[in-house]
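In: let's see this in three dimensions:
(one chain, ligands or ions: 1)
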Amino acid sequence: MKIALVFEGDLDSAYCESIKQVTQLPLVDSSQNAEFTHILKLDEAGLSLSALELRAGEIHKQPTCVNFQDASLLYRKASFGKHQGLAKAVGLNKHEPMYVLDATAGLGRDAFILASMGCEIRMIEQSPVIYSLIFDGLKRAAETGEQALNDILQKMSLHHAKAQDWFEEIRQGKQAKPDVIYLDPMFPPRSKNASVKKDIALLQEVLGFDEDSDSLLEAARGCAKHRIVVKRPGSRVRKGSIKPSFVVPGKTAHFEVFV
Ligand SMILES: C[S@@+](CC[C@H](N)C(=O)[O-])C[C@H]1O[C@@H](n2cnc3c(N)ncnc32)[C@H](O)[C@@H]1O
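Out: Have a look, this model is predicted:
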């Protein structure tokens, strides 16, 4: 996987420098990207990640960015009652208000939903590219000045770190113990035909799969006040996985809850 960084348009140079520093990607001109498989591009619309068609160095897929105003995200937010899967899994009714540590932030969607339901969310993301995408999404959302969106953003914070290191800091008392730890690692597909959403497929291309998901759960043990929630693909519990206290079922994913 070879990712290039591209800056295009009239941009804030300090912000460009910070993205360059965090990602450590080679900075190229948009016409010179033929040898790369993906580009991380900052332009006036924001930061986005795209796969490149190798043939002509042309962008072949839709770029993925983090957009907290995205219609589907707002739809999920509006239609997410407290009775539904995610809220049930984190135990929203029982320990409100609650602090949730989303230790595998990804594109920040679940975090946004939880924050919109009133949780304080701390997002941890280890990939510098994905961290930069969320950072940019939070920045653009804050710049809209929309009060309702701003109220949700106030509940969200983001850190570039490896979850295991954060858990260690919790053990040492350097970080506060969250009520809930939420884990949604990139599980290997259950079958060759397993369908995934376009942007998750792009994440899989760039990041690969997290083969250490069971060890991540082990590392989180003892670091939450109430429970650890693991989101897993598919509607059924996988044979051979560590037995959860209970399972919240779902159509495309289920939540394993460790109380
Ligand atoms: C499937 S995505 C999470 C999607 C997210 N729940 C959402 O709603 O957008 C998994 C993310 O977890 C991150 N990740 C995996 N293992 C991690 C670890 N040990 N520490 C921090 N981040 C990790 C990956 O880099 C990836 O971005």
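In: neighbours of residue 144, just the number please.
Out: Residue 144 has 12 neighbouring residues, counting by other C-beta atoms under 10 Å. For every residue, glycine as well, the C-beta is placed using N, CA and C.
In: surely it and residue 69 touch.
Out: Yes: counting by C-beta atoms under 8 Å, residue 144 touches residue 69, with 6.8 Å between them.
In: which residues are common contacts for these two?
Out: Counting by C-beta atoms under 8 Å, 6 or more residues apart in numbering, residue 144 and residue 69 have no contacts in common.
In: helices and strands of the protein: which one bottoms out on pLDDT?
Out: The weakest-scoring helix or strand in the chain, judged by mean pLDDT, DSSP states H and E, is strand 58-59 (a mean of 54).
In: quick one: low-confidence residue ranges for the stretch 1-150 of the chain.
Out: Applying pLDDT under 70 to the stretch 1-150 of the chain picks out residues 31, 33-34, 53-61, 71-83, 93-96.
In: ok, how many other residues are close to whichever residue of it sits closest to the ligand?
Out: Closest to the ligand within the stretch 1-150 of the chain is residue 106: 2.3 Å, counting by C-beta to the nearest ligand atom. Using other C-beta under 10 Å, the number of residues around residue 106 comes to 22.
In: now for the closest residue to residue 45 other than its chain neighbours, how many residues are close by?
Out: Leaving aside its sequence neighbours, residue 45 sits nearest to residue 65 (C-beta to C-beta, 6 or more residues apart in numbering; 7.8 Å). Neighbour count for residue 65, taken as other C-beta under 10 Å: 20.
In: is it correct that residue 65 is in contact with residue 133?
Out: Yes: contact criterion C-beta under 8 Å: residue 65 and residue 133 qualify, at 6.4 Å.
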